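> Make a model of this:
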Amino acid sequence: MSTKRVFELTQDGVDRLKEELIDLEENKRPQNLQQLKEAREQGDLSENADYDAARTEQSKIEARINEINNILKYAKIIRNSDKDTIEIGKVVTIKYLDNNKTKKFRLVGTLEANPMLNKISVDSPIGKALIGLELGSQTTYKTQTNKTFQIEVVEISNENI
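From the prediction side, this is the model:
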């Protein structure tokens, strides 16, 4: 008996996946089919680099379409609650107690994580340390490089960042 993996996503994450799926199906797939047609018209396919490149791109497009469809099929949309505890989907501001610097980010599922956009996975060391904490709570977490940080929760919200 196999278990289905559930993908925890925010509504924004689901919307972005749907947009990507539409782009793949309505733009990239037809463009790729045109590239394949043009490469076939060049003749001998055994040594045709354009044909090989187009086939490779076709495989990537189809694999991503299947991946997105699977994610959307098993997606669990995270709804923001009014609870004052940290959970997936919340925007959290923390203060590093060693230097008093603050950092603001949204806790998201693994698929949506993007530190450059201040979206931190709940499965990351800091994400795991923060889940369930309340405003004013202090905790310590250890990074994958064994560096330890002491932090305090200074704000919890449902806002967008």
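> Any idea how far stretch 33-40 is from the middle of the chain?
33 Å (CA atoms, centre = their mean, to the nearest Å).
> Touching stretch 143-160 from outside, list them.
When contacts are defined by CB atoms under 8 Å, 6 or more residues apart in numbering, stretch 143-160 is touched by residues 12, 80, 82, 84-86, 89-98, 102, 104, 106, 125-126, 129-130, 133-142. (Each C-beta comes from the backbone N, C-alpha and C, glycine too.)
> what comes up buried for it?
Applying a neighbour-count criterion of 16 or more other CB atoms under 10 Å, the buried positions in stretch 143-160 are 149, 151-153, 156.
> Stretch 21-36 too?
Of the residues in stretch 21-36, those buried under the neighbour-count criterion (16+ other CB under 10 Å) are 21, 24, 28-29, 32, 35-36.
> so where is the chain shaky, pLDDT-wise?
Per-residue confidence of the chain (counting by pLDDT under 70) places the weak regions at 1-3, 45, 161.
> mind giving me the domain split of it?
Residue ranges for the structural domains of the chain, counted by automatic domain parsing, are given in the record as 7-77, 91-157.
> Check this protein and tell me which residue is nearest its centre.
Centroid-nearest residue in the chain: residue 112, 1.7 Å away (criterion: CA atoms, centre = their mean).
> Identify the residues contacting it.
The neighbourhood of residue 112, defined by CB under 8 Å, 6+ apart, consists of 9-10, 12-13, 119, 121.
> swap in residue 14?
By CB under 8 Å, 6+ apart, the residues touching residue 14 are 72, 75, 77.
> ok, of the contacts of stretch 143-160, which come out buried?
86, 89-95, 106, 125-126, 129-130, 133, 141.
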